[in-house]
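Participant: give the three-dimensional model of this entry:
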Amino acid sequence: MSVRALLAAEKGSPATLVERDEPTGEVLTGLWSSLNYKDALALAGRPGVLRSLPMVPGIDVVGRDAAGRTVIVTGGGLGERQDGGLAERVAVDPSTAVPVPDVFTPQQAAAIGTAGVTAALSVLAFERAGLPDGPVLVTGAGGGVGGFAVALLAAGGREVHAATGRAGTIGDHLRALGATEVVERLPADPGRPLQSARWAGVVDSVGGGALVNAIAQTLPGGVVAACGLAGSADLPGTVLPFILRGVTLAGIFSVDLDPAKRRAAWALLAERIDGAVVDRLTDRVVPLEQAPGMAQDVLAGRIRGRVVVRLGR
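Facilitator: Alright, predicted model coming up:
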């Protein structure tokens with residue numbers, strides 16, 4: 001039996017829809033996936049995500065297991081070390097599968113995906129550390145991680161300032177998610193090592209100079225969760241905010257999570273996020289064959305939130 005999948009076969013070439021043999025092992029019947037930034041890179045033929053070729057991209061998948069349960073897998077090597085979720089049948093490590101919470105439909109769980117899990121892990125890092133009083137900044141707020149971070153923090157009672165370069169077009173959307181203020185994105189060029197302290201915490205999916213400026217503006221004892229590099233992988237800053245203000249830089253890793261951390265992230269999402277919020281954060285729903293065409297929109301930041309991919313025919 002053959003199944004449809006998006007396959008990245010050659011370096012520098014975009015992925016294409018193919019028919020290939022059904023995978024072996026613990027296999028999910030794929031229902032939904034999504035397009036994360038990593039997936040868009042892989043679909044467009046960019047380097048740095050897929051460890052080998054040929055490979056099926058897709059770091060998330062929602063599907064039915066052999067017992068008929070609907071589960072979601074985020075990360076766990078999918079779409080990086082092994083064939084990923086952009087296929088009709090997907091082999092997974094069962095230890096990475098989490099039952100879809102009852103408050104979400106399978107489509108909504110896919111819309112949450114790694115973006116929502118990453119945002120939840122950032123919020124859990126804040127709660128472990130204990131933030132000082134003050135607003136929390138979310139950079140890249142127009143993306144999936146940023147949108148879920150805004151919603152989670154606001155639902156937890158935090159004053160949230162959402163930073164975006166599209167304030168004029170998506171400001172109302174971010175306020176509907178719970179942002180108290182919508183502010184312009186931080187400069188990409190680093191400023192002074194210590195700037196006016198404003199933020200009790202920062203969820204940053206941008207990296208580079210924007211992250212350095214966010215760190216320089218964080219209050220004493222504040223926490224910065226670094227969870228993305230949509231702008232740059234560089235960190236051109238100094239240690240001064242860390243040794244003079246006691247700022248903590250927390251790295252958020254969402255790939256190889258132990259089961260307890262996966263469950264904790266989904267429990268927080270189920271507690272604070274409802275289906276209406278997920279639907280607001282879902283920009284597009286496309287069939288599998290249209291996913292490669294969406295990659296450039298994701299990479300160019302033209303998507304407001306998430307792209308969900310329907311895997312079935």
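
Participant: and the nearest residue to residue 228 once chain neighbours are set aside, what does it touch?
Facilitator: Excluding the flanking residues, the one nearest residue 228 by C-beta to C-beta, 6 or more residues apart in numbering is residue 205, at 3.1 Å. All C-beta spots, glycine's among them, are computed from the backbone N, C-alpha and C. Neighbour list for residue 205: 118, 139, 140, 143, 145, 146, 227, 228, 229, 230 [criterion: C-beta atoms under 8 Å, 6 or more residues apart in numbering].

Participant: read off the pLDDT value for residue 205.
Facilitator: In this model, residue 205 is scored at 97, pLDDT.

Participant: state the distance from it to residue 36.
Facilitator: Note on residue 205: its distance to residue 36, by C-beta to C-beta, to the nearest Å, is 11 Å.

Participant: residue 304 now?
Facilitator: Noted for residue 304: a distance of 15 Å to residue 36, by C-beta to C-beta.

Participant: ditto for residue 116
Facilitator: Counting by C-beta to C-beta - residue 116 and residue 36 are separated by 11 Å.

Participant: what sits in contact with each of these two?
Facilitator: By C-beta under 8 Å, 6+ apart, residue 116 and residue 36 have these common neighbours: residue 144.

Participant: the contacts of residue 205 in helices, which ones?
Facilitator: Per DSSP state H, helices hold the following members of the contacts of residue 205: 118, 145, 146.

Participant: ok, the residue lying closest to residue 229 once chain neighbours are set aside to residue 230 distance?
Facilitator: Closest residue to residue 229 apart from its sequence neighbours, by C-beta to C-beta, 6+ apart: residue 207 at 3.9 Å. From residue 207 over to residue 230 the distance is 7 Å, taken as C-beta to C-beta.

Participant: what does the one helix or strand residue 249 maps to rub up against?
Facilitator: Counting by DSSP states H and E, the element that carries residue 249 is strand 248-251. Residues outside strand 248-251 that contact it (C-beta under 8 Å, 6+ apart) are 122, 125, 129, 215, 222, 223, 224, 225, 226, 227, 242.

Participant: and the fourth one, which of the three is it?
Facilitator: What it means is residue 215. Reduced to three states with DSSP: H, G, I helix; E, B strand; the rest coil, the structure at residue 215 is helix.

Participant: mind checking which of residue 304 and residue 36 has more residues around it?
Facilitator: Remark: of residue 304 and residue 36, residue 36 carries more neighbours, 29 against 20, as counted by other C-beta atoms under 10 Å.

Participant: so that one makes contact with residue 118?
Facilitator: No: taking contacts as C-beta atoms under 8 Å, residue 36 lies outside contact range of residue 118: 9.1 Å.

Participant: hey, where'd the helices end up in this protein?
Facilitator: Using DSSP H, helices in the chain cover 37-43, 106-129, 144-155, 167-177, 208-216, 240-244, 259-272, 275-280, 291-299.

Participant: and of these, who's closest to residue 18?
Facilitator: helix 291-299 (11.7 Å; C-beta to C-beta).
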